[in-house]
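Peer 1: sequence plus the predicted model coming up.
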Amino acid sequence: MPTPTVDLRRVSILSEIVVRGGDMAHPAARSGLKAQYARPNVHYPDVRAGLSCLFRSGASLDELAREGSYRNPKLSVAIVQRLIGELATVGCELVLYITPVAGYPDHHTLVVARSGVMEVMLRDDALDALIRAMTVVDNPYQQQ
C-alpha cells in the first residue's frame, strides 16, 4: 500500500503549519538539506526523497515544537499557503507524505514535485523557494 499524503485541498492552508528543526536559511545548511532530501526513507520505501518535518492539522507551533524536542536552537516554520505559493513560483508543488515514526506521531516528509512527479534531488530553485517560505524562530524546547 502506498504511503498516504496530506490532502492539501482539505486543510486550512492559511493556518496550518510545517515545522523543521534548525535554521534552513543558514548558508551552511544548504548542502545538508540537499543530502537529507536525497536519502531514501528507510521506513517508507516508496518515499524516495524528502525533508523530515512535523505537521498535524490544527496543531500550534508550540505543540509541534514540543513534540519535536529538537536539539537545534532554531526552528524553521512555514504556513502551508506560503510553501505552496513559493514553490509555485518555480513550477513546483508541495507534497506532504504522512510518515509517523516512533516518538513522532506527527512526522511527515516534505517532498517537492514538478508536474506531479516527485523530485528525487532538491534543486537550487526549489530549495530557495522553501527557504523563502520559512520563518526562523528560537526553539523554546531545545533538548541538550
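Peer 2: It's in.
Peer 1: how far does stretch 18-27 sit from its chain's centre?
Peer 2: 9 Å (C-alpha atoms, centre = their mean, to the nearest Å).
Peer 1: buried ones in that stretch?
Peer 2: Neighbour counts over stretch 18-27 (16 or more other C-beta atoms under 10 Å) mark 18-24 as buried. (Glycine included, C-beta is placed from N, CA and C.)
Peer 1: quick one: contacts of that stretch?
Peer 2: Residues outside stretch 18-27 that contact it (C-beta atoms under 8 Å, 6 or more residues apart in numbering) are 29, 33, 51-55, 61, 64-65, 68, 70-72, 74-78, 80, 83, 96, 108, 110, 130-131, 134, 136, 139.
Peer 1: in helices, which of these fall?
Peer 2: Residues of those located in helices (DSSP state H): 29, 33, 61, 64-65, 68, 80, 83, 130-131.
Peer 1: out of the residues you listed, which are buried?
Peer 2: Buried subset of these (neighbour count, 16+ other C-beta under 10 Å): 29, 33, 64-65, 68, 80, 83, 130-131.
Peer 1: JSON lines for the residues you listed, including pLDDT?
Peer 2: Shown next, in JSON lines, are these (pLDDT from 0 to 100):
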{"residue": "29", "pLDDT": "95"}
{"residue": "33", "pLDDT": "96"}
{"residue": "64", "pLDDT": "97"}
{"residue": "65", "pLDDT": "96"}
{"residue": "68", "pLDDT": "92"}
{"residue": "80", "pLDDT": "97"}
{"residue": "83", "pLDDT": "98"}
{"residue": "130", "pLDDT": "98"}
{"residue": "131", "pLDDT": "98"}
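Peer 1: what's the most distant pair in the residues you listed?
Peer 2: Greatest spatial distance among those (C-beta to C-beta): 29 and 80, at 21.3 Å.
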